[in-house]
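**Student:** sequence-free structure coming up:
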DNA sequence: CTCACGATTGGA
DNA sequence: CCAATCGTGAGC
């Protein structure tokens, strides 16, 4: 058995509506690479979709400096600051000029970075259980906004493992589709997906 | 130019 | 339930 590498998720795969990509990203991995070469992987266990025409979408009203990258080609990283203290990371989807993105809301990390404090370590499976928490855990901030998800970059995406895919096919793992969290508009749209009974999913999992 | 508020979180 | 904390953008 020779060495094998996992290819990053391709741009073409992301050139679809966010509502199609969001459930498909469940089970895929977000990879964080630091300048020293260290890698951290997190299996995506919760996502939300944001689309044009969606009142909860940051690009709903008009194109601005902040939402600019959502109008870009698929495969870009949209990172923004929320409540003045947390960051949220999105995968830009769909065609260039069509503002769409998938918010990554929770990860199951393969290991904990050394900067995670002792209190967080008490519940390791909750360290990345929420969009703000996962960005803090992987040190993701606005300096990564507009970056392309690609191998060798600070961030990239990898497809589901065969084992994860099989667990969905055979029904031993279930995806739940429900309404999104923390919004004041577009509350009724069922554009949140998460792995049923997963301890790493954010609140209301 | 101003200022209310947010795709959150953790603690009372 | 509520405060923390600050960039954003709608409205004047």
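**Tutor:** Happy to help now that I have it. Everything quoted here is computed from the prediction, not taken from an experiment.
**Student:** could you pull out the strands for chain A?
**Tutor:** A:29-33, A:39-50, A:77-82, A:86-92, A:101-109, A:155-158, A:175-178, A:192-195 (DSSP state E).
**Student:** and the second one, does that touch DNA strand C?
**Tutor:** No. Strand A:39-50 is not in contact with DNA strand C by C-beta under 7 Å from any atom of the strand; minimum separation 13.0 Å. C-beta: built from backbone N, CA, C; applies to glycine.
**Student:** So what are the sheet partners of that strand and their directions?
**Tutor:** Strand pairing for strand A:39-50, using DSSP bridges, gives strand A:29-33 (antiparallel), strand A:101-109 (antiparallel), strand A:192-195 (antiparallel).
**Student:** how close does the closest residue to DNA strand C within chain A sit to residue A:58?
**Tutor:** Relative to DNA strand C, the nearest point of chain A is residue A:84 (2.8 Å; C-beta to the nearest atom of the strand). Residue A:84 sits 16 Å away from residue A:58, going by C-beta to C-beta, to the nearest Å.
**Student:** try residue A:89
**Tutor:** In terms of C-beta to C-beta, residue A:89 sits 13 Å off from residue A:58.
**Student:** Check residue A:38 too.
**Tutor:** From residue A:38 to residue A:58 the distance is 31 Å (C-beta to C-beta).
**Student:** okay, these two: which has more neighbours?
**Tutor:** The neighbour comparison of residue A:38 against residue A:58 (other C-beta atoms under 10 Å) goes to residue A:58, with 16 against 10.
**Student:** Would you agree the more buried one is in contact with residue A:80?
**Tutor:** Yes. If you go by C-beta atoms under 8 Å, residue A:58 and residue A:80 touch, sitting 7.1 Å apart.
**Student:** check contacts around residue A:48.
**Tutor:** Residue A:48 makes contacts with A:22, A:102, A:103, A:105, A:180, A:181, A:191, A:192, A:193, as judged by C-beta atoms under 8 Å, 6 or more residues apart in numbering.
**Student:** So what's the residue count around the fourth one?
**Tutor:** Residue A:105 has 30 neighbouring residues, counting by other C-beta under 10 Å.
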